[in-house]
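Engineer: Give me the fold of what follows.
(2 chains)
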Amino acid sequence: MADATLNTPVIPAVRSAGYWQNVGARLVRDKTAMAAASVLLLLLLAAIFAPLVAPMDPLEGRLINRLKPIGTEGHLLGTDELGRDMLSRLIWGGRLSLLMGVTPVVLAFIIGSAIGIIAGYAGGWTNTLIMRTVDVFYAFPSVLLAVALSGALGAGLGNALLSLTVVFIPPIARVAESVTTRLRSSDFIEAARASGAGAFTIVRVHVLGNVLGPIFVYATSLIAVSMILASGLSFLGLGVRPPNPEWGLMLNTLRTAIYVQPWVAALPGAMIFLVSISFNLLSDGLRSAMEVRQ
Amino acid sequence: MLGYSLRRIIYTAPVLFGVSVVCFALVHISPGDPLISILPADASVELQDRLRVLYGFDRSYPEQFILWLGRALQGDLGTSIATGRPVTTEVMRAVGNTLMLASVATVIGFVLGCFFGFVAGYFSNSPLDKAASAAAVFGVSVPHYWLGMVLVIIFSAQLGWLPAAGAGPGGSSQWKFDLEHLSYMVLPAITMSVIPMGIIARTVRALVAEILAQEFVIGLRARGLSEFGVFMHVVKNAAPTALAVMGVQLGYLLGGSILIETVFSWPGTGMLLNSAIFQRDLPLLQGTILVLALFFVVLNLVVDIMQSALDPRIKR
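Structural biologist: Below you'll find the predicted structure:
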């Protein structure tokens, strides 16, 4: 490792590309992870092409058709409390649910990594100041912080996304900081510094490539949590507002129907479960594919 | 040990301060005038100004914060706008119910999680391991509020075996540890136990696999120790970490019970938060969050100190 980096900064970049190819090859051989990825891809495509895939309008329903059971003619998965087609609403609901689950983790990945890398690379007082502030937010249980922030900010999609992003920044920043701190004192960074590279160049060339991998794996494992939390906020009435289809909100409005059409009422939750378990399995597969370092 | 505990306690002080700043800020990040929910719709400007002075909203933020913190330290968290009762009274009444439910759920989760974790770690890569690991993945992936609904559908709506909601015929004030009241706790406790079950199972599985791979285990076996004897050594080595995870999970459940309490109408802090949010009762929201967050911080402190007492290798 050390002699490879002494020559030019081009070599580690080539090496890391080979590493990711290996990871990819191992991941493709992991049947569970591939099954999970296919499920996610399928749901994502269905959500993107919802207008083409969904058999009916997700917002239009006739009260006379309300709460039909699964398998009704014309309504494969039944109808909801306002007579809207469940299958269409579940397909359309994927748009907001997936968006609400993934966006906070992506934003937190960008912001949290930046915070953690700056704190880790700067060290000293900057590190103390940043990380103690992060610790304050980390001191709240995640559900409590999400509910507290979106409860205070008020219901709505934007506020829910903001609250969830704030929830996921501290854990990502902590991982980024600890990896960067460990990296900072390693020989090849020392060598780069001795050869006159500036802080920005070192971070860009040497730190990012080594830090982003571990953070990325950690972030993928957070998407499952984020899906459950995001739909949970909508379930509490703090996220998406009716009549928009979103799985958490649908679960909430169908709660009163559990004595009439229990299995129709349970469907939106099954979708959340399917997505969250798929993300967990994919993230587990990615982790074990990355752990084998030659 | 003593030095570590002291350092850990001193380190917690700024975190506690930060947590109270965040809780204080909750009321102020809220859009609109904080007075809006107490004022009648046709309040005159004069009345608005009088109330603003009365509640101290006319002062600067640092000034307001110090006044608020001073009162909070004396146990005064303000008055609930919806009920007119002191927030402290409301929170203390609810916190006992949540603590009871969360403790029972943590114990169930710990027992099941340890069982699955030990089985999976011991019989690594066998079908038993696959089944136990699947249970763990289920535990961390299932939306618990949905699981609660499904359990209600099966055991209340369809079979009629267990009550679907509430904490018993007399509400929480007449709670007794008899069969009738405990039957109200079964479904919420099982639902809640699934999360710590999954996390503890994963932790224990990794721990057991790691311990079994160590040389001292080969040494024990070579000395002719029975499989049970080896098992006891593994338990002893895994216990500090497993117990620490359990402690932290209890804290998470205390703070994260809002969704499950909403599903089961369990009269705890989660229900309190829920009603505070929908009545825009900001003092109640703020007070409940503060109490739960403090609980979590102190619990983590206790867990860390206890873990370092149980496991002398930990000297951070």
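Engineer: any idea how far the most centrally placed residue in chain A is from chain B?
Structural biologist: Among the residues of chain A, residue A:223 comes closest to the average C-alpha position under Cα atoms, centre = their mean, at 2.7 Å. The gap separating residue A:223 from chain B is 11 Å, by Cβ to the nearest Cβ, to the nearest Å. C-beta: built from backbone N, CA, C; applies to glycine.
Engineer: And for residue A:96?
Structural biologist: In terms of Cβ to the nearest Cβ, residue A:96 sits 16 Å off from chain B.
Engineer: do residue A:141 as well
Structural biologist: Taking Cβ to the nearest Cβ, one finds residue A:141 at 3 Å from chain B.
Engineer: Same check on residue A:98?
Structural biologist: Taking Cβ to the nearest Cβ, one finds residue A:98 at 14 Å from chain B.
Engineer: residues in contact with that residue?
Structural biologist: When contacts are counted by Cβ atoms under 8 Å, 6 or more residues apart in numbering or on different chains, residue A:98 touches A:43-44, A:47, A:227, A:275.
Engineer: So which bits of the strand or helix carrying the residue nearest to the centre of chain A are buried?
Structural biologist: Assigned by DSSP states H and E, residue A:223 belongs to helix A:208-235. Using 16 or more other Cβ atoms under 10 Å in any protein chain shown as the test for burial, helix A:208-235 gives A:209-213, A:215, A:217-235.
Engineer: next structured bit after it?
Structural biologist: Following helix A:208-235 in sequence, per DSSP H and E, is helix A:247-253.
Engineer: burial measure for residue A:94, as a count.
Structural biologist: Neighbour count for residue A:94, taken as other Cβ atoms under 10 Å in any protein chain shown: 23.
Engineer: Can you name the residues that contact it?
Structural biologist: With Cβ under 8 Å, 6+ apart, residue A:94 has these contacts: A:43-44, A:46-47, A:50, A:247, A:271.
Engineer: if we can go back for a sec, considering the contacts of residue A:98, which is situated nearest to chain B?
Structural biologist: residue A:227 (7.9 Å; Cβ to the nearest Cβ).
Engineer: excluding its backbone neighbours, what's nearest the closest one?
Structural biologist: residue A:101 (3.5 Å; Cβ to Cβ, 6 or more residues apart in numbering or on different chains).
Engineer: Would you check how far apart the one you found and residue A:78 are?
Structural biologist: To residue A:78, residue A:101 is 25 Å away according to Cβ to Cβ, to the nearest Å.
Engineer: Give me the more crowded residue out of those two.
Structural biologist: A side-by-side neighbour count of residue A:101 and residue A:78, using other Cβ under 10 Å, places residue A:101 first with 26 against 21.
Engineer: and that one, helix, strand or coil?
Structural biologist: Secondary structure, DSSP: H, G, I helix; E, B strand; the rest coil: residue A:101 is helix.
Engineer: Low-confidence ranges, the stretch 1-150 of chain A, go.
Structural biologist: A:1-17 (pLDDT under 70).
Engineer: the helices in it, which residues?
Structural biologist: A:2-7, A:10-29, A:31-48, A:50-53, A:86-122, A:124-138, A:142-153 (DSSP state H, counting those that start in this stretch).
Engineer: The fifth one: how far from the chain's middle?
Structural biologist: Right, the one you point to is helix A:86-122. In this view, helix A:86-122 has its centroid 5 Å away from the chain centroid, taken as Cα atoms, centre = their mean, to the nearest Å.
Engineer: any idea of the pLDDT on residue 217?
Structural biologist: Picked chain A for this. If you check residue A:217, the pLDDT there is 85.
Engineer: you looked at the wrong chain, it should be chain B
Structural biologist: pLDDT, read off for residue B:217, is 82.
Engineer: and the helix or strand containing it, which residues are buried?
Structural biologist: Counting by DSSP H and E, the element that carries residue B:217 is helix B:215-222. When burial is assessed from 16+ other Cβ under 10 Å, helix B:215-222 yields the following buried residues: B:217, B:220.
Engineer: Any buried residues in the longest helix belonging to chain B, and which?
Structural biologist: For chain B, the helix that runs over the most residues, judged by DSSP state H, is helix B:87-122. For helix B:87-122, burial by neighbour count (16+ other Cβ under 10 Å) applies to B:87-88, B:90-91, B:93-95, B:97-102, B:104-106, B:108-110, B:112-122.
Engineer: Also stretch A:65-74?
Structural biologist: Applying 16+ other Cβ under 10 Å to stretch A:65-74 flags A:65-68, A:72 as buried.
Engineer: okay, the worst-scoring helix or strand of chain B on mean pLDDT in PDB with CA atoms only?
Structural biologist: Ranked by mean pLDDT, DSSP states H and E, the weakest helix or strand in chain B is helix B:45-55, scoring a mean of 76. Coordinates of each C-alpha in helix B:45-55 appear next as PDB, following Å, rounded to 0.1, in the frame of the first residue of the first chain:
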ATOM      1  CA  VAL B  45     -53.500  43.700  20.300                       C
ATOM      2  CA  GLU B  46     -53.400  44.900  23.900                       C
ATOM      3  CA  LEU B  47     -54.300  41.500  25.300                       C
ATOM      4  CA  GLN B  48     -51.600  39.900  23.000                       C
ATOM      5  CA  ASP B  49     -49.000  42.300  24.300                       C
ATOM      6  CA  ARG B  50     -50.000  41.600  28.000                       C
ATOM      7  CA  LEU B  51     -49.800  37.800  27.500                       C
ATOM      8  CA  ARG B  52     -46.500  38.200  25.600                       C
ATOM      9  CA  VAL B  53     -45.000  39.900  28.600                       C
ATOM     10  CA  LEU B  54     -46.600  37.400  31.000                       C
ATOM     11  CA  TYR B  55     -45.100  34.400  29.100                       C
END
